[in-house]
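Engineer: Following is a predicted model, sequence given first.
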Amino acid sequence: MDQTILLLTLAIAAAATLYSSVGHGGASAYIALMAVAGLAPEEVRPAALVLNILVAGLGAWRFVQAGRFDWNVFWPFAVAAIPAAFFAGRIDVPEDIYRPLLAAALAAAAIRYLFWPTLDAIKPSAAPSPFIALPAGAALGTLAGLTGIGGGVYLSPLLVFAGWADPQRATGIAACFIVVNSIAGLAGRTSSLAALPAYLPWFAGAALVGALIGTTWSLKGLDRRGVLRVLGVVLGIAAAALAT
């Protein structure tokens, strides 16, 4: 393993630690890191989705076991998002169309949760009507498929801001959402699996170690405001990655 791949492996572990603490898989960070390291574009997207599935899968299992989940919130978003992510994953859209808009939206959410986390930490929550959640899920699934990530980075701030889930339950909902969306997005581009990098097992091992650390930190050390502050950092990183 050369020095670049070693540094990339360590960076993936760090990203997985941070992202998994708020129920995210970290695909946006992996995409940025692998691009900076010089990996071929055709390798980056499927590798990021595989890592996303592993990290979010571990997070989903741990957060659901801890009671940080709400089925009534999750299912309508997931039902609509899965087919949308599958079909959108087959579409090539010019990045200069959607990346600046998404970056701006994520940056705004990042600022809110970094500086004013209490606003949403104490907000009462209730599951949305399926008539609202289903179209919202379809939109989020489409974004996930187009951008090659699991969509949790879009879902978490929406759930908290709209009062559909408290910050801690949003971690488990987002993790489960990311797993099903990432699988659907990858299924939409099965041909890309042939381009997976040979050193993916190293990345996967590092990501799982990071996810174990991050989810443990979240479960044992982060209250609602803490989750939102970390979410603000994650959203800021995702916004920067999309803006570059």
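Structural biologist: On my side now, so go ahead. Numbering: from 1, shown residues only.

Engineer: what's the single longest helix in the chain?
Structural biologist: helix 41-65 (DSSP state H).

Engineer: chain center to that helix: distance?
Structural biologist: On the basis of C-alpha atoms, centre = their mean, to the nearest Å, helix 41-65 sits 8 Å off its chain's mean C-alpha point.

Engineer: just stretch 6-21 next, same as before
Structural biologist: What separates the centre of stretch 6-21 from the centre of its chain is 14 Å, taken as C-alpha atoms, centre = their mean.

Engineer: Let me know the average pLDDT across the longest helix of the chain.
Structural biologist: Helix 41-65 carries an average pLDDT of 92.

Engineer: buried sites along it?
Structural biologist: Judged by neighbour count using 16 or more other C-beta atoms under 10 Å, the buried positions of helix 41-65 are 43-60, 62-64. C-beta: built from backbone N, CA, C; applies to glycine.

Engineer: what element comes up after it heading to the C-terminus?
Structural biologist: Downstream of helix 41-65, the first helix or strand assigned by DSSP states H and E is helix 71-88.

Engineer: Can you tell me what sits against the helix or strand just after that next one?
Structural biologist: With elements assigned by DSSP H and E, the helix or strand that comes after helix 71-88 is helix 95-115. Helix 95-115 is contacted by residues 119-120, 143, 146-147, 153-154, 157, 160-161, 228-229, 231-236, 238-240, 242-243 when judged by C-beta atoms under 8 Å, 6 or more residues apart in numbering.

Engineer: Just the buried positions in helix 95-115, please.
Structural biologist: Buried residues in helix 95-115 (16+ other C-beta under 10 Å): 99, 102, 103, 106, 107, 109, 110, 112, 113, 114.

Engineer: Which ones among the contacts of helix 95-115 map onto helices?
Structural biologist: Using DSSP H, these in helices are 119-120, 143, 146-147, 153-154, 157, 160-161, 228-229, 231-236, 238-240, 242-243.

Engineer: Restricted to buried residues, select those residues in PyMOL.
Structural biologist: To isolate the buried members of the ones in helices among the contacts of helix 95-115 in PyMOL, using 16+ other C-beta under 10 Å:
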select buried, resi 120+143+146+147+153+154+157+160+228+229+231+232+233+234+235+236+238+239+240+242
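
Engineer: Ranking helices and strands of this structure by mean pLDDT, which lands last?
Structural biologist: In the chain, the helix or strand scored least confidently by mean pLDDT, DSSP states H and E is helix 95-115, which has a mean of 78.
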